[in-house]
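Peer 1: pasting a predicted model and its sequence here:
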Amino acid sequence: MGPGPTILHADLDAFYASVEQLLTPQLRGRPIAVGGSPSGGVVLAASYEAKAFGVAGGMPGWRAARLCPDLVFVTGHVEKYQPIADRVMDVLADVTPLVERISIDEAFCDISGAQHLFGDAAAIGALVRRRVRQEVGLPISVGAARTKHLAKIASQVAKPDGLVVVPPGGERTFLDPLPVDLVWGVGPVTAQRLAARGIRTIGDLAATPSPVVERLLGHAVGHRLHAMAVDEDPRRVAGGRHAHSVGAQSALGRHRPTRELVRATLAHLADRVSRRLREGGRAGRTVTVRVRFTAMRSVTRSLTLTQPVATTLTLTEVAERLAWSAITDQAGAEITLLAVSVSRLCDQRVLQLELDLDPPDPWRPGSPPGAARWAVDASMDAIRTRFGRDAVGYAPALLTHRGMPDEFRELAEHEV
DNA sequence: TCTGGGGTCCTAGGACCC
DNA sequence: TCTGGGGTCCTAGGACCC
């Protein structure tokens, strides 16, 4: 049998929607959607009352409204989400310092060193749930098991507002009957491929030889999913990881791509990305642009530079060239989204020493050399720090800001 | 009635080097 | 003249997660 479960996965239930129901008592017990509207946009989160009708996050608002005629759309107290979620994480940190937050509303905890203080996994799970309910006012589900993967599945099974502990030795009994798409990394496409081979439960997957799964899904994915199905998950709980990429995107509606629209949008996105890079003391060598055309058709173009970038102007120029390379390849097509991302990140401080070596920009003779670009960004950053984010910006007024408010964007940002 | 925004990881093919 | 095999880097696309 061995020792008891040592990993907890704690996951707030329908987080944004639960916060709205907490703040506005009239919304409690009612089907609500945060974000979107009956005429457009997407639903960011749905309350359990709405989920009962099939409403889900990521769903277009019009479809949600059709599924659930009484659905209440709320804009949300977006600015409250981060501080409230942070308070929940503080509760977890009271139990153990080994907390790995994987998104705004969920985290793993290694409780192996906490049990002499607070009891076994079941006791700690109950304690966390009680404290979050009493001190924050939100429902949270907790799964406990020997591995992260199993703990995460357990918390999904526990939802809503429940606790599931997988006892050592009970792993197969727990896992085998569950649908295979509860395995982390199995989405609609993979589930369909597995179903075509008659693999529908985690038990089916575990009983299929690993090489067969690898042939079906590719080496890495097949190997990992099979390992999870047979309950071999070596991952440890680990805190504070750096992001590997920083990006921003903006949905545009349908537009013929004009120089003005593309430049204004990319300048705005490049500004968001480079500002975050500078705030994190980072820069990156690879610039990737994604252009989405109608019918959700996407094309990406990327370029790896010899020197890392973190300046708005340079990033804008590179992004513009990449975007037009994609757009001209799809002559005449309308665009619906532009995205800019920077990867192969490195520490920016190394860069500062190389300013004098920055060669003149070959694409734009006469453009400011590297040092001047750094200076421009530094003063803009300083103005924003003193007078607020919107005090100064690159984005021209022609950007009609039809996308998501910045507060929503920031919720999704990872630690740079 | 027509789909947000932030990320991670993997694959496949080609260039290039030894 | 034609030939091996491995490694690394880069690019484009795609599945998936929250």
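Peer 2: Nice, I can see it.
Peer 1: how much space between the residue of the stretch 1-150 of chain A found nearest DNA strand B and A:Ala17?
Peer 2: In the stretch 1-150 of chain A, no residue comes nearer to DNA strand B than A:Gly58, which is 3.1 Å away by CB to the nearest atom of the strand. In short, each C-beta sits where N, CA and C put it, glycine included. Distance, A:Gly58 to A:Ala17, by CB to CB, to the nearest Å: 14 Å.
Peer 1: same question for A:Ala154.
Peer 2: 22 Å.
Peer 1: before we move on, back to that, sec struct for the residue of the stretch 1-150 of chain A closest to DNA strand B, please.
Peer 2: Counting by DSSP: H, G, I helix; E, B strand; the rest coil, the backbone at A:Gly58 sits in coil.
Peer 1: one more: A:Arg235?
Peer 2: Secondary structure, three-state DSSP: A:Arg235 is coil.
Peer 1: neighbours around it, how many?
Peer 2: Using other CB atoms under 10 Å, A:Arg235 has 12 other residues around it.
Peer 1: skip the chain neighbours and tell me the closest residue to it.
Peer 2: Among residues not flanking A:Arg235 along the chain, A:Lys148 sits closest, at 5.0 Å (CB to CB, 6 or more residues apart in numbering).
Peer 1: contacting residues around the one you found?
Peer 2: For A:Lys148, the contact set (CB atoms under 8 Å, 6 or more residues apart in numbering) comprises A:Ile7, A:His9, A:Phe108, A:Asp233, A:Arg235, A:Val237.
Peer 1: from those, which is closest to A:Asp120?
Peer 2: Set against A:Asp120, the nearest of the contacts of A:Lys148 by CB to CB is A:Ile7 (12.8 Å).
Peer 1: the closest one and A:Pro234, how far apart?
Peer 2: Distance check for A:Ile7 against A:Pro234: by CB to CB, it reads 12 Å.
Peer 1: and A:Val99, by the same measure?
Peer 2: With distances taken as CB to CB, A:Val99 is found 19 Å from A:Pro234.
Peer 1: swap in A:Arg129?
Peer 2: With the distance defined as CB to CB, A:Arg129 ends up 28 Å from A:Pro234.
Peer 1: same question, A:Arg263
Peer 2: Here A:Arg263 is placed at a distance of 47 Å from A:Pro234 (CB to CB).
Peer 1: compare those two (neighbour count), which wins?
Peer 2: A:Arg263 (18 against 8).
Peer 1: okay, the one helix or strand A:Ala126 maps to in PDB with CA atoms only?
Peer 2: Here A:Ala126 is covered by helix A:121-131, with elements defined by DSSP states H and E. The C-alpha coordinates for helix A:121-131 follow below in PDB (Å, rounded to 0.1, in the frame of the first residue of the first chain):
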ATOM      1  CA  ALA A 121      -4.700  14.300   2.500                       C
ATOM      2  CA  ALA A 122      -8.400  14.000   3.300                       C
ATOM      3  CA  ALA A 123      -8.100  16.200   6.300                       C
ATOM      4  CA  ILE A 124      -6.000  18.800   4.400                       C
ATOM      5  CA  GLY A 125      -8.400  18.700   1.400                       C
ATOM      6  CA  ALA A 126     -11.300  19.300   3.700                       C
ATOM      7  CA  LEU A 127      -9.500  22.100   5.600                       C
ATOM      8  CA  VAL A 128      -8.600  23.900   2.400                       C
ATOM      9  CA  ARG A 129     -12.200  23.700   1.100                       C
ATOM     10  CA  ARG A 130     -13.600  24.900   4.400                       C
ATOM     11  CA  ARG A 131     -11.300  27.800   4.700                       C
END
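Peer 1: mind giving me the packing neighbours of that helix?
Peer 2: strand A:7-12, helix A:78-95, helix A:115-118, strand A:140-145, strand A:163-165 (3 or more CB pairs under 8 Å, 6 or more residues apart in numbering; DSSP states H and E).
Peer 1: so which of these is nearest A:Leu338?
Peer 2: Between these, helix A:78-95 lies closest to A:Leu338; by CB to CB that is 23.3 Å.
Peer 1: how far off centre is the closest one?
Peer 2: How far helix A:78-95 lies from its chain's middle: 17 Å, per CA atoms, centre = their mean, to the nearest Å.
Peer 1: okay, and for the stretch 201-350 of chain A, where does confidence drop off?
Peer 2: A:350 (pLDDT under 70).
Peer 1: and for the closest residue to DNA strand C within it, the neighbour number?
Peer 2: Nearest to DNA strand C in the stretch 201-350 of chain A, going by CB to the nearest atom of the strand, is A:Thr304, at a distance of 3.1 Å. Neighbour count for A:Thr304, taken as other CB under 10 Å: 11.
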